[in-house]
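>>> Show me how the following folds:
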Amino acid sequence: MAEVAYTVTRPQAGGNVVKYAWANLTDGDTGDVVDLLGLSGLSCSVQITAATGGAVTMQVSLDGTNWETMKDTGGNDVTVAAGSTGFFDVSTAALYARPLGGGSLTDGDLMMVVREALE
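Numbers count the residues shown, from 1 in each chain. Reported below is the predicted structural model:
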């Protein structure tokens, strides 16, 4: 059970888009928490690749302690299992987000692109 660091890139110089990426999650790993505080009109997309066994799930929290599975705009869990991939569009008011590896996962990758609404 490790805490997996994320990398941050800004695909568009001077834009309102930030990409967070976690690589090589395994069963029981959690990703470093992304602090969404201060973002308004938040929308994001999540892409998951669960390479071998297990699952990768995106979680959200209002207090950084109690975590629930993130839902996409259709109300579906943002999770992918057993070698599948998935892409999810999300709109959230959560303050924190992180990935979680589970169920014998040996290599899971996850990217989250956050786009703050321009005022």
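>>> Parallel or antiparallel, list what pairs with the helix-or-strand element of the chain with minimal mean pLDDT.
Taking mean pLDDT, DSSP states H and E as the measure, strand 42-50 is the helix or strand of the chain with the lowest mean score, a mean of 74. As defined by DSSP bridges, the strand partners of strand 42-50 come to strand 85-91 (antiparallel), strand 108-116 (antiparallel).
>>> Which stretch among those strands is buried most, on average?
With neighbours defined by mean count of other CB atoms under 10 Å, none of the strands paired with strand 42-50 is more surrounded on average than strand 108-116, at a mean of 21. The C-beta positions use only the backbone N, C-alpha and C, and glycine is treated the same way.
>>> Now that strand: average pLDDT?
Looking at strand 108-116 alone, the average pLDDT works out to 82.
>>> Ok, stretch 55-70 next?
On average, the pLDDT along stretch 55-70 is 93.
>>> try stretch 15-22
The predicted model assigns stretch 15-22 a mean pLDDT of 84.
>>> Using PDB, list the CA coordinates for that stretch.
Taking C-alpha atoms only, stretch 15-22 is exported to PDB below (Å, rounded to 0.1, in the frame of the first residue of the first chain):
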ATOM      1  CA  GLY A  15      -4.800  28.200 -20.600                       C
ATOM      2  CA  ASN A  16      -7.300  26.900 -17.900                       C
ATOM      3  CA  VAL A  17      -6.400  23.200 -18.300                       C
ATOM      4  CA  VAL A  18      -4.300  21.100 -16.000                       C
ATOM      5  CA  LYS A  19      -3.500  17.400 -16.500                       C
ATOM      6  CA  TYR A  20      -2.800  15.200 -13.500                       C
ATOM      7  CA  ALA A  21      -1.400  11.600 -14.100                       C
ATOM      8  CA  TRP A  22      -0.700   8.700 -11.800                       C
END
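>>> Alright, that wraps it up for me.
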